[in-house]
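Asks: all I have is the shape, not the residue letters:
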Ligand SMILES: Cc1cc2nc3c(=O)[nH]c(=O)nc-3n(C[C@H](O)[C@H](O)[C@H](O)COP(=O)(O)OP(=O)(O)OC[C@H]3O[C@@H](n4cnc5c(N)ncnc54)[C@H](O)[C@@H]3O)c2cc1C
């Protein structure tokens, strides 16, 4: 894949139809991250009998969904599937945060920092923005500097401001979804799951680390970076895990207000794709490194920073935001990317069991789509919608 920001629009795969299930069927979802949590909630709201199981709990520190914040943006270059999915996700985030009585979406906008006159990543999304009446604001270099004086614009050509995006409280949202799932009647179990053998084209049960066996009509494995090791024969080469780092830097005390109101920013340099969240729920100015890190084991991997990656990020920070030259590092996080081969999400059934589904491949951009993806999967399993072809990786 090229990068997190624009997954492949045309992987060589075909569409696939899936069996659907009658209401009251028992569906077990394994993994309470952004994908599994929202999917279990929407399945429950459709009338299914749903059990959600997680080894370490929703939004745990090993999971991809366990960081403080995540960017939400519709812009995906020429990839209309994700633009449309995110438009629905925005609606559902707003609707659900009201239901949860918690503010999860911070609509501070997204600022794209563009180096060249043409920036396909943003320009190719403009027709979709027009379709949804969600137009970006084009800012000349001068306007960019005037409006955002903390940005060094020397090497930039222009900026685009997307007023509809912003950031989400990630861990808090993941736990809020799990809480809502239980309040609305779902069963949650904290245990590690091992899949059982597939017999006669089905998986009849799964084994839990507490010694119990869980039976069900269907099993959805939404295990993020663990999917590859859980199903090595099928997914070992499909879902791979890389070590990613994010840093929270301290902003100057006298000027903290202007950082708080600064939009999410994405530096479209075409290589590192640094991005960040200035307000970041008061935790410090967040800098994310999108370039793929080393291979990582999400269970046993140590969350110690790579000093070289940090040093490079500091050089970038000093260049782009000179006022933060000596900003102290307040907090940092190592998070696993659950990479699919082409950056697209994965939804497909097990080749040996029609009632076992894989849901994952967030590839560093999945969090924001959680509610829209969960709604989509619930619709697919009731036979009311089809899965976008780009999600149906063939094994
Ligand atoms: C550094 C970083 C920055 C990112 N930035 C963004 C961003 O700005 N915007 C965005 O939209 N997305 C972003 N993402 C991607 C996003 O966070 C992920 O795509 C999303 O959180 C994936 O959710 P998930 O549910 O698939 O996986 P996870 O959140 O990892 O959840 C998987 C769950 O499965 C459980 N599990 C695993 N194995 C088992 C088992 N055997 N039994 C029981 N439970 C099990 C785990 O405990 C875990 O809770 C970023 C990711 C990273 C790492």
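Replies: Noted; the coordinates are in hand. Treat the numbers as computed from the prediction; the structure is a model and nothing was measured. Numbering: from 1, shown residues only.

Asks: could you use CA atoms for every contact and neighbour count after this?
Replies: OK.

Asks: in the stretch 101-250 of the chain, which spans are strands?
Replies: 105-106, 110-114, 137-140, 158-162, 166-169, 187-190, 193-195, 198-199, 202-203, 205-208, 213-215, 218-221, 240-249 (DSSP state E, counting those that start in this stretch).

Asks: the longest one vs the ligand: in contact?
Replies: Yes. Contact of strand 240-249 with the ligand is found when judged by CA under 6 Å from any ligand atom, involving 244-246.

Asks: got the end-to-end distance for stretch 98-118?
Replies: One end of stretch 98-118 sits 39 Å from the other (CA to CA, to the nearest Å).

Asks: pull the distance from that stretch to the chain's centre.
Replies: 14 Å (CA atoms, centre = their mean, to the nearest Å).

Asks: mind checking the SS state of residue 61?
Replies: Assigned by DSSP: H, G, I helix; E, B strand; the rest coil, the conformation of residue 61 is coil.

Asks: please read the previous query as pertaining to residue 262.
Replies: coil.

Asks: list the contacts for the nearest residue to it once chain neighbours are set aside?
Replies: Excluding its sequence neighbours, the residue lying closest to residue 262 (CA to CA, 6 or more residues apart in numbering) is residue 278, at 6.0 Å. Residues near residue 278 by CA atoms under 8 Å, 6 or more residues apart in numbering: 259-265, 284-286.

Asks: now those residues as TSV including distance to the ligand and neighbour count?
Replies: TSV is the format used below for these (distance: CA to the nearest ligand atom, whole Å; neighbours: other CA atoms under 10 Å):
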residue	distance to the ligand	neighbour count
259	18	19
260	17	18
261	18	12
262	16	18
263	13	26
264	9	28
265	11	22
284	15	24
285	14	24
286	11	26
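
Asks: ok, so of those residues, who is nearest residue 145?
Replies: Residue 145 lies nearest to residue 262 out of the contacts of residue 278, by CA to CA, at 13.0 Å.

Asks: hmm, residue 106 and that closest one touching each other?
Replies: No. With contact defined as CA atoms under 8 Å, residue 262 does not reach residue 106; the gap is 11.3 Å.

Asks: is any residue of stretch 330-341 near the ligand?
Replies: Yes. Stretch 330-341 lies within reach of the ligand by CA under 6 Å from any ligand atom, at 335-337.

Asks: any idea which helix or strand comes after the lowest-mean-pLDDT helix or strand in the chain?
Replies: Lowest on mean pLDDT, DSSP states H and E among the helices and strands of the chain sits helix 256-260, with a mean of 88. Downstream of helix 256-260, the next assigned helix or strand under DSSP states H and E is strand 264-268.
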